[in-house]
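> sequence and computational prediction follow.
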Amino acid sequence: MQFYYGSQMPLRVLDETEFWKMQEAEHTVVLRELLPNLEDVYVEALKNWEDVLTTTHQHVKRYVESVIRSDQQLSPQLYNQVLELVSFSLQESVAFIQFCRKIKSESQAVVNNHTAKVVIDHIVDESEYFIGIAQTILYGQN
């Protein structure tokens, strides 16, 4: 996390969200590249996840710009929209984690591939890290 934001919660949490949404989108590519024999259903789902996560990443970038331009004088409406976006992003990460775990447990391409299992565990750990950081920032404000 870029702690130079100090107590500027909206920008801090958006910065984290922007970074981790980009990471999650990249992880979909990593899995497709790592598993050339991955079943088509998972390949297509990973491509869909990449699109969804990239779209969320783009939304977050727009909110970062809005917060920066507001000079930290956020209207209550903008502040609430930031909280809603981050909450959505958290739920999205939870669903992405569930999908990754499904690939690990159900894909025949992963069953005997120790490296793939380790990579999936790492991807899950990173998404869980984002969830923990975002929750700490969000709920620490109350």
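Good, I have the coordinates. Numbers count the residues shown, from 1 in each chain.
> okay, now residue 64: neighbour count?
If you count neighbours by other C-beta atoms under 10 Å, residue 64 ends up with 17. To be clear about C-beta, it is placed using only N, CA and C from the backbone, and glycine gets the same treatment.
> mind listing what it touches?
Contact analysis of residue 64 by C-beta atoms under 8 Å, 6 or more residues apart in numbering lists 11, 14, 15, 18.
> so what's the second one closest to, chain neighbours aside?
Yep, that's residue 14 we're talking about. residue 64 (4.8 Å; C-beta to C-beta, 6 or more residues apart in numbering).
> distance of the one you found relative to residue 91?
20 Å (C-beta to C-beta, to the nearest Å).
> check the gap between residue 20 and residue 60 for me.
9 Å.
> mind listing the shared neighbours of those two?
Contacts common to residue 20 and residue 60, judged by C-beta under 8 Å, 6+ apart, are residue 89.
> can you give me every residue that contacts residue 94?
The contact partners of residue 94, taken as C-beta under 8 Å, 6+ apart, are residue 131.
> which strand or helix spans it?
helix 76-106 (DSSP states H and E).
> right, and the helix or strand after that helix?
Proceeding N to C from helix 76-106, the next assigned helix or strand is helix 108-111, under DSSP H and E.
> mind listing what's buried in that following helix?
The neighbour-count check on helix 108-111 (16 or more other C-beta atoms under 10 Å) flags 109, 110 as buried.
> repeat that for stretch 57-74.
Neighbour-count burial for stretch 57-74 flags 57, 59, 60, 63, 64, 67, 74 (criterion: 16+ other C-beta under 10 Å).
> next: stretch 102-109.
103, 104, 107, 109.
> which other residues reach it?
For stretch 102-109, with C-beta under 8 Å, 6+ apart as the criterion, the contacting residues are 31, 35, 37, 38, 39, 42, 110, 116, 117, 120, 121.
> average pLDDT for that stretch?
Averaging pLDDT along stretch 102-109 yields 98.
> which elements pack onto the helix or strand hosting residue 26?
Assessed by DSSP H and E, residue 26 sits inside helix 9-34. For helix 9-34, the contact count by 3 or more C-beta pairs under 8 Å, 6 or more residues apart in numbering; DSSP states H and E identifies helix 40-69, helix 76-106, helix 114-139 as packing neighbours.
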